[in-house]
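In: Provide a 3D model corresponding to the input given below.
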Amino acid sequence: MLMFVFHITIFLGLIALVAGVYLFTWSSKIENKCYKVFAWILGLIVTILSILGLFCTGMCGIQYQRAGYFEKPMMTRMMDIKNKSTMNTLGMPSMMDQKSKKN
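Out: Take a look at the predicted model:
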């Protein structure tokens, strides 16, 4: 599930980038000075924000991949979290508690 959200975010960022660049270049064809400046500034802002958004999404995707979030399905991770919280409420040590005691 997380991988699909990542892909959707990347493609929406690319659509915003294309729209910003199009608006930026289209502004040079406008003859009215007021609209030309507004379209140029808006196109520049959309382009810069989409590039920054794509960069941040890419960095977060790399961090999630390194942490191993893309290798397990979401339901498996949710079951792991549920089992850990159930063990803690029953007073049973979890795997993390046992590892920290060994060190």
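In: what comes up buried for the helix or strand containing Ala19?
Out: When elements are assigned from DSSP states H and E, Ala19 belongs to helix 2-26. Buried residues in helix 2-26, counted by 16 or more other Cβ atoms under 10 Å: 6, 9, 13, 16-17, 20, 23-24. The way it works is simple: take the backbone N, C-alpha and C, and place the C-beta from them, glycine included.
In: would you list those residues in a markdown table and tack on distance to Thr57 and pLDDT?
Out: Formatted as a markdown table, the buried residues of helix 2-26 follow (distance: Cβ to Cβ, whole Å; pLDDT from 0 to 100):
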| residue | distance to Thr57 | pLDDT |
| --- | --- | --- |
| Phe6 | 7 | 84 |
| Thr9 | 5 | 89 |
| Gly13 | 6 | 92 |
| Ala16 | 11 | 93 |
| Leu17 | 12 | 93 |
| Gly20 | 16 | 92 |
| Leu23 | 21 | 90 |
| Phe24 | 21 | 85 |
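In: need the longest helix for the protein.
Out: Secondary structure of the chain per DSSP state H: the longest helix is helix 33-67.
In: So, low pLDDT: which residues of this protein?
Out: For the chain, applying pLDDT under 70 flags the ranges 1, 72-103.
In: If we use 80, what do you get?
Out: 1-3, 68-103 (pLDDT under 80).
In: follow-up on the earlier one: what is the longest helix of the chain packed up against?
Out: When contacts are defined as 3 or more Cβ pairs under 8 Å, 6 or more residues apart in numbering; DSSP states H and E, helix 33-67 sits against helix 2-26.
In: Can you check what angle separates the helix it packs on from helix 33-67?
Out: 160 degrees (axes from the mean of the first three to the mean of the last three Cα atoms, to 10 degrees).
In: Pull the residues that contact helix 2-26.
Out: 39-40, 42-51, 53-54, 57-58, 61, 64, 69-70, 74 (Cβ atoms under 8 Å, 6 or more residues apart in numbering).
In: Tabulate the buried residues of helix 2-26 in CSV, adding columns for distance to Glu31.
Out: Formatted as CSV, the buried residues of helix 2-26 follow (distance: Cβ to Cβ, whole Å):
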residue, distance to Glu31
Phe6, 42
Thr9, 37
Gly13, 32
Ala16, 27
Leu17, 26
Gly20, 22
Leu23, 16
Phe24, 17
